[in-house]
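[1] no FASTA, just this:
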């Protein structure tokens, strides 16, 4: 029996086709959502696992060492910052990911968050539900400058949508693809000029806390900050100080430094919209990612003649 350890509930949530493909190739699905029970698996189970499909769970050397026959870790998404890549390389474990498969889903949410925070939609909803009937005077997106930090597949999808709103678009990235109607600038200039600043960077040592006290000081007082990428891109203490003092107009966040354990100061603010890391979770994206993970596992294990 060849074991496939699945640690994310999203895998094959809306389609069974990848499961059928895996079963046809001799894989048995072993579920341990969140990697909460793996240390209680018996030796036979641990020995059987050749592949993993993981979400946001931390996969470090201690997890890999439990699985002596592990050959591939398939990330059910794009970012691999939760996987110890050096440890995987040392153990000859292949790591795959699915960049771009959830681009439309994340881009849709980023635009939705821009509209929500600038037009105060969530705030107005809370007001009506409390029995009030107030007026909320927000800001339009048309004619505003959108600064996109990180211009990969998701950043480009956001740009295409923003063009429909009549926005002027600035972009920062170390790679500058050929893209019409985009002005490429350095990060500080994008932060300084943006009416809306949206983050689509990977989390690396060089991008960690790219939004901090110093870069927030560059922002317009009327600026809105959007993050659907990684929580570690923002120094949350500095952002909370800025929101509490109205140093910037607002923020809309789908990702956080400590997800599921947010700073309670967030909950006291009316100028921030909070969502629980749902950016990539459209049904269409989940189906595509599940299939891509399956194809990577079968291709890699076939190449290694794992059967």
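    Arrived safely, thanks for sending. Not measured: the values here are computed from a predicted model. Numbering: from 1, shown residues only.
[2] all strands of the stretch 1-150 of the chain, in order?
    Here the stretch 1-150 of the chain has its strands, by DSSP state E, counting those that start in this stretch, at 2-6, 27-31, 49-54, 72-75, 94-96, 145-149.
[3] want to try a markdown table for those, with mean pLDDT, distance to residue 130 and mean neighbour count as columns?
    C-beta coordinates here come from the backbone N, C-alpha and C atoms, glycine included. Formatted as a markdown table, the strands of the stretch 1-150 of the chain follow (pLDDT from 0 to 100; distance: least, CB to CB, whole Å; neighbours: other CB atoms under 10 Å):
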| stretch | mean pLDDT | distance to residue 130 | mean neighbour count |
| --- | --- | --- | --- |
| strand 2-6 | 96 | 42 | 23 |
| strand 27-31 | 96 | 41 | 16 |
| strand 49-54 | 97 | 41 | 26 |
| strand 72-75 | 98 | 41 | 26 |
| strand 94-96 | 97 | 47 | 18 |
| strand 145-149 | 98 | 32 | 25 |
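[4] just put those strands in CSV and tack on distance to residue 246.
    Output for the strands of the stretch 1-150 of the chain, formatted as CSV (distance: least, CB to CB, whole Å):
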stretch, distance to residue 246
strand 2-6, 45
strand 27-31, 46
strand 49-54, 40
strand 72-75, 39
strand 94-96, 43
strand 145-149, 20
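[5] and the host helix or strand of residue 285, what does it pack onto?
    Residue 285 belongs to helix 283-303 when assigned by DSSP states H and E. Secondary-structure packing of helix 283-303 (3 or more CB pairs under 8 Å, 6 or more residues apart in numbering; DSSP states H and E): helix 17-24, strand 49-54, strand 72-75, strand 94-96, helix 103-119.
[6] let's see it at 7 Å
    Judged by 3 or more CB pairs under 7 Å, 6 or more residues apart in numbering; DSSP states H and E, the packing partners of helix 283-303 are helix 17-24, strand 49-54, strand 72-75.
[7] what's stretch 113-122 in contact with?
    Defining contact as CB atoms under 7 Å, 6 or more residues apart in numbering, one finds that stretch 113-122 is touched by 136, 138-139, 141, 196, 224, 226, 250-252, 254, 273.
[8] among those, which two are most distant?
    Spatially, the most separated pair among these is 136 and 254, at 21.9 Å (CB to CB).
[9] which one of these two is surrounded by more residues?
    Ranked by neighbour count (other CB atoms under 10 Å), residue 136 and residue 254 place residue 254 first, with 23 against 10.
[10] can you lay out the helices and strands packed on helix 283-303 as CSV showing distance to residue 258?
    Shown next, in CSV, are these (distance: least, CB to CB, whole Å):
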stretch, distance to residue 258
helix 17-24, 32
strand 49-54, 19
strand 72-75, 21
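[11] out of those, the one nearest residue 211 is which?
    Taking CB to CB, strand 72-75 is the member of these nearest to residue 211, at 24.6 Å.
[12] can you list the strands that that closest one pairs with?
    Sheet pairing of strand 72-75 (DSSP bridges) gives strand 49-54 (parallel), strand 94-96 (parallel).
[13] in JSON lines, list those strands along with distance to residue 1.
    Below are those laid out as JSON lines (distance: least, CB to CB, whole Å):
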{"stretch": "strand 49-54", "distance to residue 1": "10"}
{"stretch": "strand 94-96", "distance to residue 1": "21"}
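[14] give me the distance between residue 58 and residue 175.
    For residue 58, the distance to residue 175 (CB to CB, to the nearest Å) stands at 28 Å.
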